[in-house]
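In: Starting from these lines, generate the structure:
(2 chains)
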Amino acid sequence: MAETEVSKKRKRPIVRLAVLLLSHSVLVSVICCTAGVFGLLLLPVLAKNTYISENALMPGSASSMLSNQEVSEANKLIKELNNLHSNPLGATTESHGIIAKYMSNLGAQVNNHKFHPQLNQFHPLHFFSGPDSGVMQENSTRSLYGINTVGIIRAPRGDGKEAIVLVTPYNAVKGGVRETLSLGIAYSVFSLLTRVTWLAKDIIWLVADSQYGEYAPVAAWLRDYHTPAFSNLDSLNTETCHVGNNNFESKISYGIRRSGTMAAALVLGVAYGNENEDTLGIYAEASNGQMPNLDLINIVHYLAVHRQGLRVKVEQFHWLLNSKWVKSLGEVFESLGKMVKTLNPDWKLGISAADYVEGAATLASSLYHQALGVPTGPHGAFRDYQVDAITLEFSLRISFDRLDRRNDFLLHGGRLIEGVIRSVNNLLEKFHQSFFLYLLTSPSKFVSVGVYMIAFALLVAPLPVVAASLYAKTLDLNPTSEKDKSATSNELGSVLQSWKWLNSVKTVFVVHFWGATVSLLPYFISQIPDSDPTTNFSVWILLSILSLEILRWILVSPSSHIYGLPQGEWAILKSATISSFFIGLGLMSVINFATAEIGALLMVPMALMAHPLKLDVRGQSLRSILRMICNLVLGVISFPPATFFVFKGVIEGFSGIKAGDFWNWVESLWAWNSATYLYIGMVHLPCWVLCVQILLHPC
Amino acid sequence: MELSFTQGRWRYEQWGGFDPLSSNNAKPPGVELWAVFDVPQSLVDVYWRNLTHTLSGLFCASINFLESSTTYSAPELTFKPSFGNLRYGTLPREAVCTENLTPWLKLLPCRDKAGLSALMDRPSIYRGFYHSQRLRLTSSESGSDEVDSGIGLEQTLTVVLQPSSWRTGKTYSVETNIQPSWSISSIFGRNIPGKCVIAKSSNVYLHLDNGLVGELKNLERENAKYVANTFESEGFQSNHAFKISVTPDKVFEEVDYLHGKSTSVIYGFSVEKYSDSQPFDLGLTWKIPVVWSCQQAPLHASRFLMGSGNERGAIAISLESTESSEGLPTSHIIDGRCELRVDIFQVVPWYIKVYFHTLQVFVDKQPRAMADVVDKIRVSPSKDKVSPGVMEMILKLPCGSKSAAFSLEFDKGFLHIDEYPPDANQGFDIPSALISFPSFNARMNFSEDEFLNNSPILSKFQETSPVLSYTEVLLIPLTTPDFSMPYNVITITCTVFALYFGSLLNVLRRRVDEEERILRSRAGRKAGWISQLLSRLSAKLRGRPQEQPTSSLPYSFISFRLVLKILLVASIAVTWQYYFG
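Out: The predicted structure is shown next:
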């Protein structure tokens, strides 16, 4: 008979599981959060080696055709351009002329592209909207302009449907040897490509005038390439601002020449290296954490390492390389890996401590740059048009003055670019085989989305559980309290009881609305003329606090304590906060995963732990004191400006921090249309404010 | 009927777009086929299908893809003989190679064994910039004369080659930009051994462009100041600019009646007198650098895509006046307004959903109302999976206009998974638009008539034909599914179905039990009399309330055994992994 009793109480297993989770929500959240953080730390260990996924690419299968002849031609160009810089007067127009002349001598079609640099302006409603030429051109200043030179090689037997783009930023006014060298590399490749027969895609060489930054000219050219404005174009392109005294100059058209759909783009740059080897830096992050196809990075890496003997590096956080705790963590993982290996030699989890530190530094930088949502170079402009692009930055061991050294460099660089172009040229389809969502832990190792999602999912998983359990608890709480009054209870009271979450949801909504206002405020603040970042920042904070108070006064206070139920209210408020935060994080993880990951790392512990301080003070136990301390620390850290300053202090030292830095940082975020800015304004900050409200709740 | 196979694209800016050679022989990349059927309207499509299959078999090409109604269209305005019985289709992605050339050569009387076609050295032909083979069938039933009626077959091969010296010698002659000298043997790697025995006539013509001739005459005039060297009108094959190795049999000079501009010169060489022992090898050696440009079509047409993303975009066709057309006569003045007529014919596959009402017209970069510019327009919107969208426009542009642009917006459609071609991720091609200028005629006028009638190619040059040019093929990236998706879909649907049916079965099977259990537990707790009544009622209805404990016992037993089994299997697996893994 006892058995029948058990079987009677048995519910459906899924319900039982849910109830179990809810009843152990604290344990679940602790386990999940630790596992999430642990999973994140484990990512460098789990990283896989990259491999070239698309078979058609066949990098390095053909021997390089670039010879010393092209290099010597390129040297001629470099010399001519360098001579120009000795007399800076009129160097701008002439250098364009020289480049155009060299291009057309090769048989390429040349045209100039004139653009007006865009001032970075904040369009509050233009997030995520595509580049709109009409609006942009209205805002651009007319007096400033730059000139891009574009050369196009038509593939001899191709049908001109696709093109590969080569970009070299070049500042004609103060371009040094550095930039002429990147021109030299591009020129040597370009001159080779005019003669090869294997070309199937057109080659576009864009010499971007980088007077106004490297990004602006590329973006302007791409905009005109893809969305030309037919009506007002003439004012921009045909106005004869300067009639070149060079006869050749006048022949070059200012109308944009086109080729087909772009398959891939490479941006070349040369940096002064201070390292022991010739290195090649790869920058891949585009806006909002979009990455080019991994295959593109793979080809470059493969060719650079295995063919040209260059050392490839991607960005790293150097301060992480020397940090003690990462090193010790690496050692722990190393010993763990060894232990695992003794169990089964096939499990290759072992990674040396040094590798781990490298991987962690790279991973952190990769995560940070993706989360920032600001492109790391001119290649970012291409990603807006679904073109895979990366920036390659060569850096040399010795100065460029020695000719033989320079030739060697040009030869290697040129061969690398040639190989990459040849690989992309082999490609019949667009890049689609390999990963688009990945984090790099070294140039040849990556963590794919399937792996890094787990850490995030673990981190986020406790949120709905805790929210539900809190809500369930308050529901459980109420019937008991209700029973006492049940004798006198009326219908209205019970209806109000079941709807009491409405009040806290309203609070949450109001705070989120406030968050939206706060994120719009910088637009108005930036209109104030002649203001330095520090005052802007303080004005912003003052206005934010003011608006919060006003909103509370208008919307919350009149109705907040009518159906007062103080003991349960903070729990319901917390439950609502957590659920809204969960929704926000979920949305953000779709838009920019890295932001969501970092945001979850910062905010999830705070959101889970938030507990009224008064109750903790009253509690007097060790647990409540610990909780109080944790809450206070987390509350300080997860406030966005505080996070920024702590982060900056760790990286650069606390001495040089100014209050205006945060303003500058935020300004750069919205100037680049980063979704991170929206996240901070509309998810992170409201959640923080709500958590603080819970902490200060008068129970 | 005309069928053409083309590889590479004709560069209208470099190779000209006005002379009969380029406007007749420049074709869009891939396969282009049009045919006029002399059958009743209802049978045209059937005949077209037959024709495509026949040709596809003949030429080893996938012309049979033109069979489906989504690939061909029936233009009415742009092609001259249009009575609704013309069909036009293109395959822009068809790769052209030797396998298409060989059947084409088989149609020649001597194949490639003798005569001019002996030059068809495959590697050297396919190494060039442009290669287009064309086959044209005309049925001439003009006269009542029995002899005249019949079917004429016209085969044309157009190649643009690069001289081998330019390719192999990697010399940069930047300072002395001299044109490469060539000869037939250096270009083709073969000589002409003589004429084919069956052939009536076999000639080689060398055409000096009028731009070149004009340039040469200018040079001649400059030189005449120093050297008393009069200009030889009967041909300057040994002048100071270049040297032709073989003396031409005939020299034709184009006669331009309208204005005394420079005209082109054609040298004719007859191959008949050459034999194997003394092969014909024409060569041309340049002595001084000459820079000239080819005669351009009145407007240079280019077409491109606008916008980005996988959702929508726009096709834009821009026409820009070329330098040569500025001096062209404006003889076609209608109603006191000088106008330039341009015909545009554009076929768009159905998965590119073009909104024809979004047509915007800009003339000289100013937006214009459509009625001002478009004289006649015929649009047949695409039907999904049935027919492509066709747009034919006859435009009247004002004469002085420097540029004109048209843009059409479109949405990208979704295809069914089995409608994707093999390389779906490359994108989808939009066939070339055909742009013709009916008010300009590409023809040459020659003074000597008696010889011309014998030579088909020259009489072809003399025919009046509108200037045609094709635009680029466009590549539109469409949304493509992950093609490993079927597998994923199968697994996901299976899982979903399993879950669904499982829970459904559970619900159907268990609800009665559960109700009973709840009722009984309530009864156990001595609930109100209604529930007691209900439980009694249900017990009565079912009749055997005592069955419950018996069924639950084996269940728990089974579950215990199940757990035991699972544990056993797991331990076996672990030991296996540990020792043998």
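In: What sits closest to B:Gly89 if chain neighbours are left out?
Out: B:Tyr72 (3.5 Å; CB to CB, 6 or more residues apart in numbering or on different chains). C-beta: built from backbone N, CA, C; applies to glycine.
In: quick one: contacts for the one you found?
Out: The neighbours of B:Tyr72, taking CB atoms under 8 Å, 6 or more residues apart in numbering or on different chains as the test, are B:Trp48, B:Leu66, B:Arg87, B:Tyr88, B:Gly89, B:Pro388.
In: give me that answer again for 6 Å
Out: B:Leu66, B:Arg87, B:Gly89 (CB atoms under 6 Å, 6 or more residues apart in numbering or on different chains).
In: now the stretch 51-200 of chain B, which segments are flagged as low pLDDT?
Out: B:80-83, B:140-149, B:162-180 (pLDDT under 70).
In: Now do the helices in it.
Out: Under the criterion DSSP state H, counting those that start in this stretch, helices of the stretch 51-200 of chain B are mapped to B:98-106, B:122-126, B:164-168, B:184-188.
In: Ok, the stretch 351-500 of chain A next?
Out: Here the stretch 351-500 of chain A has its helices, by DSSP H, counting those that start in this stretch, at A:353-372, A:379-383, A:403-426, A:449-460, A:462-485, A:491-498.
In: Mean neighbour count and distance to B:Ser484 added to those, as TSV?
Out: TSV is the format used below for those (neighbours: other CB atoms under 10 Å in any protein chain shown; distance: least, CB to CB, whole Å):
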stretch	mean neighbour count	distance to B:Ser484
helix A:353-372	22	26
helix A:379-383	25	25
helix A:403-426	21	22
helix A:449-460	18	14
helix A:462-485	17	31
helix A:491-498	12	48
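In: Could you export the contacts of B:Tyr72 as TSV, including distance to B:Glu2?
Out: Putting those into TSV (distance: CB to CB, whole Å) gives the following:
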residue	distance to B:Glu2
B:Leu66	13
B:Arg87	12
B:Gly89	12
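In: Just the closest of these to chain A, please.
Out: Minimum distance to chain A across the contacts of B:Tyr72 is 17.4 Å, recorded for B:Gly89 (CB to the nearest CB).
In: doesn't B:Leu66 make contact with the closest one?
Out: Yes: counting by CB atoms under 6 Å, B:Gly89 does reach B:Leu66; the two are 4.0 Å apart.
In: Who has more neighbours out of those two?
Out: B:Leu66 (27 against 24; other CB atoms under 10 Å in any protein chain shown).
In: quick one: contacts for that one?
Out: Counting by CB under 6 Å, 6+ apart, the residues that B:Leu66 touches are B:Thr52, B:Tyr72, B:Gly89.
In: Of the residues you listed, which is the nearest to A:Asn503?
Out: B:Tyr72 (67.8 Å; CB to CB).
In: how close does that closest one get to B:Phe37?
Out: Distance from B:Tyr72 to B:Phe37, counting by CB to CB, to the nearest Å: 12 Å.
In: again, but for B:Thr471
Out: Remark: distance between B:Thr471 and B:Phe37 (CB to CB) = 27 Å.
In: Show me which of those two is the more surrounded one.
Out: More crowded of B:Thr471 and B:Phe37, by other CB under 10 Å: B:Thr471, with 24 against 19.
In: Test my guess that the more buried one contacts B:Phe304.
Out: No: if you go by CB under 6 Å, B:Thr471 and B:Phe304 don't touch, sitting 9.0 Å apart.
In: Show me the shaky parts of the stretch 201-350 of chain B.
Out: In the stretch 201-350 of chain B (pLDDT under 70), the answer is B:210-211, B:220-241, B:254-264, B:276, B:289-294, B:323-337.
In: 90 instead?
Out: The stretch 201-350 of chain B contains residues with pLDDT under 90 at B:201-347, B:349-350.
In: Around chain A, pick out the residues from it.
Out: Selection of the stretch 201-350 of chain B residues close to chain A by CB under 6 Å from any CB of the partner chain yields B:Phe304, B:Met306, B:Ser308.
In: Looking at those, which are in strands?
Out: B:Phe304, B:Met306 (DSSP state E).
In: so which of the residues of the stretch 201-350 of chain B next to chain A comes closest to A:Met609?
Out: B:Ser308 (44.6 Å).
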